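3D, please:
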Amino acid sequence: MGVTDTLAEFFEFDEHDTTIGTEVIAGITTFLAMSYIIVVNPTILLPAIMGFNEEGDLNTETTIDGVTYGIGEVTQMLAITTILASFVAILVMALYAKRPFGLAPGMGLNAFFTFTVVIGMGIPWQTALAAVFVEGIIFIALTAVGAREYIIRLFPEPVKFSVGAGIGIFLLFIGLQEMEVVVADPETFVTLGGIAQNPAAIVAIVGLFGTLALWARGLTGSIIAGIVGTTVVGWALLLAGVASTETMAPETLVDDQTGELTFATVTSPQYDITPLAGAFIEGLREVDPLTFSLVVFTFFFVDFFDTAGTLIGVSQFGGFLDEEGDLPEMDKPLMADAVGTTVGAMIGTSTVTTYIESSTGVEEGGRTGMTALVVGLLFLVSLVAIPLVAIIPPYASFIALVVVGIIMLQGVLDVDWTDPAWSISGGLTITVMPLTYSIANGLAAGIIAYPLIKTAMGERDDVRLGQWAIALALVGYFYVHTSGMLG
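From the prediction side, this is the model:
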């Protein structure tokens with residue numbers, strides 16, 4: 001029996017009416033659709049590790065365990081951990097769950113890690129990694145006993161169906177800020193940036209609309225193509241002298257002493273991730289139990305929603321759901337997410353989740369774990385391109401946040417806006433996220449609102465006891481979070 005026959009038998013090609021050629025094409029398609037995370041995840045996590053100086057600019061150096069590392073070195077470390085965590089999770093998905101889903105550190109979840117937990121709450125990044133690790137262990141335990149599926153049923157439907165749109169607006173907001181299209185304003189809080197005076201913003205906007213045009217035409221890999229294209233244009237303008245190093249060059253390549261370009265990061269790549277790997281252990285020491293528990297809890301239900309929603313949505317698109325609308329053996333793909341999250345935290349990245357971009361591979365005919373296996377192998381091969389990550393400027397990489405944010409807005413179509421309980425709960429979930437710069441706050445607002453509005457409508461019998469318990473717990477969360485108890 002040849003390799004092809006062995007794969008066909010293991011992944012049950014005949015049962016799913018597919019072929020190895022179809023599965024390989026589907027895997028390549030999914031990888032191209034989600035490979036932007038290799039570039040974007042380090043960009044989002046970088047502020048959590050580097051920190052900011054008194055002027056509000058990202059530090060160019062940071063000290064970990066007594067050793068000083070430059071911004072370029074940390075960027076490469078984060079890119080490597082992103083790839084390795086994705087590969088491990090996808091391998092579990094391919095060989096254990098045998099589903100055609102790709103996994104990687106989650107968009108929105110990485111923003112929550114950096115901007116809400118580390119920067120907003122002032123928690124060390126090592127402690128944040130420890131919280132992700134604990135969350136992963138909890139997920140493994142719950143998945144092993146089949147409890148995650150039961151917990152999913154406790155969350156109100158309008159919240160589950162509106163989470164994607166809320167995260168989408170949040171990503172849009174972050175992306176436009178980082179591209180300097182939207183800036184802070186003392187009177188109106190936010191306003192339109194000085195785009196005409198900012199070459200980076202101009203190039204970013206042109207790149208954004210170019211990327212959206214490619215996506216609208218159905219081009220596979222449109223996001224990564226947009227990032228690469230915008231990077232090429234930015235470098236062309238920089239090297240031609242049209243734009244200055246100060247506004248256009250990635251901070252990873254600017255010498256802190258001379259202000260000039262240096263390509264030492266690219267020409268001298270390093271694959272040592274030991275400064276990040278195992279850092280979660282340090283984060284477990286001397287933690288405040290209450291604060292740590294709250295962070296673990298928020299990571300828990302944010303990841304819970306994201307993974308469950310994606311699995312159900314992509315499975316529906318691929319025709320994997322049964323007559324009751326459930327995914328058979330759902331605990332298996334959930335285990336891939338749990339293992340990926342745990343391993344990711346151990347080596348230094350944020351929560352791993354199933355990617356909605358998996359639908360692109362499913363659309364190409366991917367039906368088995370062979371599709372996922374191809375995605376995982378392509379992630380592993382991409383390790384050789386790590387040095388190139390340093391030359392991609394932030395204004396190019398953040399295009400992905402805006403594009404993905406726009407795509408995720410389609411989630412509003414799943415909300416029944418004619419039902420007061422749905423419109424209020426879903427509306428709060430969607431709007432509170434970007435307005436408070438916190439995914440957790442949006443989810444909590446929607447969960448609390450649902451049983452209250454249902455009761456006001458005279459439909460208290462539709463609210464389960466578990467939903468009241470979760471809502472009450474979140475009221476306590478909001479009290480602690482806003483009372484100054486977290487520092």
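
okay, Leu58: pLDDT?
For Leu58, the pLDDT comes out at 85.

which ones are touching the closest residue to it other than its chain neighbours?
Of all residues not flanking Leu58 in the chain, Met50 sits nearest, at 5.4 Å (CB to CB, 6 or more residues apart in numbering). In this view, the C-beta of every residue, glycine as well, is placed from N, C-alpha and C. Each residue near Met50 by CB atoms under 8 Å, 6 or more residues apart in numbering is listed here: 58-62, 71, 74.

Which element, helix or strand, includes the nearest residue to Leu103 once chain neighbours are set aside?
Nearest residue to Leu103, sequence neighbours excluded (CB to CB, 6+ apart): Ala89, at 3.9 Å. When elements are assigned from DSSP states H and E, Ala89 belongs to helix 71-92.

Remind me what that helix packs against, helices and strands.
helix 37-50, strand 103-105, helix 264-267, helix 331-347, strand 352-354, helix 369-381 (3 or more CB pairs under 8 Å, 6 or more residues apart in numbering; DSSP states H and E).

Which SSE is immediately downstream of the first one?
Just to be clear, that refers to helix 37-50. strand 61-64.

Give me the sheet partners of that next one and which way each runs.
Using DSSP bridges, strand 61-64 pairs in its sheet with strand 67-70 (antiparallel).

Next, count neighbours for Ala48.
21 (other CB atoms under 10 Å).

do you know how far it is from Leu276?
11 Å (CB to CB, to the nearest Å).

do Gly376 as well
Using CB to CB, Gly376 is found at 21 Å from Leu276.

same deal with Met457?
50 Å.

Between those two, point out the one with more neighbours.
More crowded of Met457 and Leu276, by other CB under 10 Å: Leu276, with 24 against 12.

hang on, the more buried one packs against Leu84?
No. Taking contacts as CB atoms under 8 Å, Leu276 lies outside contact range of Leu84: 10.6 Å.

where do the contact lists of those two overlap?
Joint contacts of Leu276 and Leu84 (CB under 8 Å, 6+ apart) are Ile347.

Kindly format the C-alpha coordinates of stretch 86-103 as PDB.
Extracted C-alpha coordinates of stretch 86-103, given in PDB (Å, rounded to 0.1, in the frame of the first residue of the first chain):
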ATOM      1  CA  SER A  86       0.000  26.800  15.300                       C
ATOM      2  CA  PHE A  87       1.700  23.600  14.100                       C
ATOM      3  CA  VAL A  88       1.100  21.700  17.300                       C
ATOM      4  CA  ALA A  89      -2.600  22.600  17.500                       C
ATOM      5  CA  ILE A  90      -3.100  21.900  13.800                       C
ATOM      6  CA  LEU A  91      -1.400  18.500  14.100                       C
ATOM      7  CA  VAL A  92      -3.900  17.500  16.900                       C
ATOM      8  CA  MET A  93      -6.700  18.700  14.700                       C
ATOM      9  CA  ALA A  94      -5.400  16.700  11.700                       C
ATOM     10  CA  LEU A  95      -4.500  13.400  13.300                       C
ATOM     11  CA  TYR A  96      -6.900  13.300  16.300                       C
ATOM     12  CA  ALA A  97     -10.000  15.300  15.300                       C
ATOM     13  CA  LYS A  98      -9.500  14.700  11.500                       C
ATOM     14  CA  ARG A  99     -11.300  17.900  10.700                       C
ATOM     15  CA  PRO A 100     -10.100  20.500   8.000                       C
ATOM     16  CA  PHE A 101      -9.700  23.400  10.400                       C
ATOM     17  CA  GLY A 102      -6.600  25.600  10.800                       C
ATOM     18  CA  LEU A 103      -5.600  27.000  14.200                       C
END
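
So for the chain, the centremost residue is which one?
Nearest to the mean C-alpha position of the chain, by CA atoms, centre = their mean, lies Met107 at 1.7 Å.

so it is in which element?
Applying DSSP H and E, one finds Met107 in no helix or strand.

That one - nearest residue in space that isn't next to it in sequence?
Of all residues not flanking Met107 in the chain, Val404 sits nearest, at 5.8 Å (CB to CB, 6+ apart).

State the number of residues packed around the residue nearest to Ala444 when sequence neighbours are not counted.
Take Ala444 and drop its neighbours on the chain: the residue closest to it by CB to CB, 6+ apart is Leu474, 4.3 Å away. For Leu474, the neighbour count with other CB under 10 Å is 22.

Equivalent analysis for the one 5 residues further on, please.
As a burial measure, the neighbour count of Tyr479 was computed by other CB under 10 Å and equals 10.

Now do the contacts for the residue nearest to the centre of the chain.
Per CB under 8 Å, 6+ apart, neighbours of Met107: 37, 40, 167, 171, 400-401, 404.

Check Ile447 too.
By CB under 8 Å, 6+ apart, the residues touching Ile447 are 155-156, 159, 425, 467, 470-471, 474.

For Val182, give me phi and psi.
When read as degrees, to the nearest 10, the backbone of Val182 gives phi -110, psi 130.

Surely it and Leu172 touch.
No. Using CB under 8 Å, Val182 makes no contact with Leu172, being 9.3 Å away.

about what we covered before: can you give me the buried ones in the helix holding Ala89?
Going by neighbour count (16 or more other CB atoms under 10 Å), the buried part of helix 71-92 is 71-92.

likewise stretch 108-125?
In stretch 108-125, counting by 16+ other CB under 10 Å, buried: 108-119, 121, 123-125.

now, among these, which is nearest to Ile392?
When the buried residues of stretch 108-125 are ranked by distance to Ile392 (CB to CB), Asn110 comes first, at 16.5 Å.

Contacts only, for that closest one.
41, 44-45, 349-351 are the contacts of Asn110 under CB under 8 Å, 6+ apart.

Kindly recompute the last result at 6 Å.
Applying CB atoms under 6 Å, 6 or more residues apart in numbering, we find Asn110 in contact with 41, 44-45, 350.

Shouldn't it be within a helix?
Yes. Assessed by DSSP: H, G, I helix; E, B strand; the rest coil, Asn110 belongs to a helix.

contacting residues for the closest residue in space to Ile227 that isn't next to it in sequence?
Nearest residue to Ile227, sequence neighbours excluded (CB to CB, 6+ apart): Ala396, at 5.2 Å. Residues near Ala396 by CB under 6 Å, 6+ apart: 227, 230-231.

of these, closest to Gly442?
Ile227 (27.4 Å).

was I right about Asp306 contacting Val352?
No. If you go by CB atoms under 6 Å, Asp306 and Val352 don't touch, sitting 10.4 Å apart.

Settle it for me: which of these two has more neighbours?
More crowded of Asp306 and Val352, by other CB under 10 Å: Val352, with 31 against 26.

Name the helix or strand of the protein that has the lowest mean pLDDT.
helix 264-267 (a mean of 69; mean pLDDT, DSSP states H and E).

Mind giving me the packing neighbours of whatever helix or strand comes next after it?
Where DSSP H and E defines the elements, the next helix or strand beyond helix 264-267 is helix 279-283. On a contact count with 3 or more CB pairs under 6 Å, 6 or more residues apart in numbering; DSSP states H and E, helix 279-283 meets helix 125-144.
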